[in-house]
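# Need the 3D shape of this:
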Amino acid sequence: MTDELRGLLRESAEAHLPDRARMLARVERGTARRGAARGPRDRARTGTLTWPKIVLATLATAGTLTVSALTVVAVVHTPDPPRQPAAAAPSAAPSAVDRTAPPTAGSRTEDGPLWADGSVDPHSNTYWAQSNVTLKTRKPLTALVVELRIALTAGVKDTGSWRTLPAEDFELSAREEGGFLVYRWTLKPGRNVPSGEHVFAGQYDHATGGRDAKDDAYRIDAAGAGEGGAAVWGGFA
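I've put the predicted structure just below:
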């Protein structure tokens, strides 16, 4: 193959999508000029072989470039595979103390290892009162919430609270909620309540005279190590 033909094929190969008809015409003209410069003997020797080989080589080059171009386009435009939706985060384990039940639902003073009672302390007077929640448990507890609810009758105002268990073992809150003065003792994580009898008391002022405790209530939720929860609740006679 001559340098001139190589140049023609190189120019055609460098085109992205070559014009096949135009290329063949250029090759034919180049071959004719080359044949005219040679003698009859050279033309007889090369004329029948060179032309088909050139045409096939040209078409093969054009076909290769076309397939390569289409392959590049296909790779560039291949869409990303769809992303899998993120797995939902596991929900937190439920607390050992279940607070879904209402503070009072009739009266249940015993459940599992728990027993409880609510009473107005006998030292209460016409201006001030103390309400006691007594808890008995036959097993140690690792979770405990004690809630005392004092109806906001005339003059009711918090004056303090106490419990027979260590104060540093509990989180204490006292606030008005939904028509009640609510005392809530919550056992801190890692602390324990031993089996036995324990008392939680709320103290408050009230209007002069006797006070009716019929709307007061308490609720206790507890759980022991490796055991399900238990709950007791009731009122004040």
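# make it CA atoms for all contacts and neighbour counts henceforth
Noted.
# So which bits of stretch 184-192 are buried?
For stretch 184-192, burial by neighbour count (16 or more other Cα atoms under 10 Å) applies to 184-187, 192.
# Same list (those residues) but as TSV, adding distance to Trp115, pLDDT and secondary structure.
As requested, the buried residues of stretch 184-192 are exported to TSV (distance: Cα to Cα, whole Å; pLDDT from 0 to 100; DSSP: H, G, I helix; E, B strand; the rest coil):
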residue	distance to Trp115	pLDDT	secondary structure
Arg184	18	98	strand
Trp185	17	98	strand
Thr186	18	98	strand
Leu187	18	98	strand
Asn192	17	97	coil
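# Nearest to Leu141 among those?
Set against Leu141, the nearest of the buried residues of stretch 184-192 by Cα to Cα is Asn192 (5.6 Å).
# The closest one against Thr142, yeah?
Yes: using Cα atoms under 8 Å, Asn192 is in contact with Thr142, at 4.8 Å.
# ok so, going back, can you tell me which of the buried residues of stretch 184-192 comes closest to Trp162?
Out of the buried residues of stretch 184-192, the member with the shortest distance to Trp162 (by Cα to Cα) is Trp185, at 9.8 Å.
# Can you name the residues that contact that closest one?
145-147, 170-173 (Cα atoms under 8 Å, 6 or more residues apart in numbering).
# Out of those, which end up buried?
For the contacts of Trp185, a burial check counting by 16+ other Cα under 10 Å picks out 145-147, 170, 172.
# Pick out the most distant pair among those residues.
Glu147 and Phe170 (12.4 Å).
# who's in contact with stretch 192-209?
Applying Cα under 8 Å, 6+ apart, the contact partners of stretch 192-209 are 126-143, 146, 148, 153-165, 183.
# that older thread, just the closest of the contacts of Trp185 to Asp212, please.
Of the contacts of Trp185, the one sitting nearest to Asp212 (Cα to Cα) turns out to be Glu147, at 19.3 Å.
# Settle this for me: that closest one is touching Ala231, isn't it.
No: with contact defined as Cα under 8 Å, Glu147 does not reach Ala231; the gap is 11.4 Å.
# got the contact list for the nearest residue to Leu187 once chain neighbours are set aside?
Spatially, and ignoring its direct neighbours in sequence, Leu187 is nearest to Phe170 (4.6 Å; Cα to Cα, 6 or more residues apart in numbering). By Cα under 8 Å, 6+ apart, the contact set of Phe170 is 185-188.
# helices and strands of this structure: which one bottoms out on pLDDT?
Counting by mean pLDDT, DSSP states H and E, the chain has its least confident helix or strand at helix 40-77, which shows a mean of 40.
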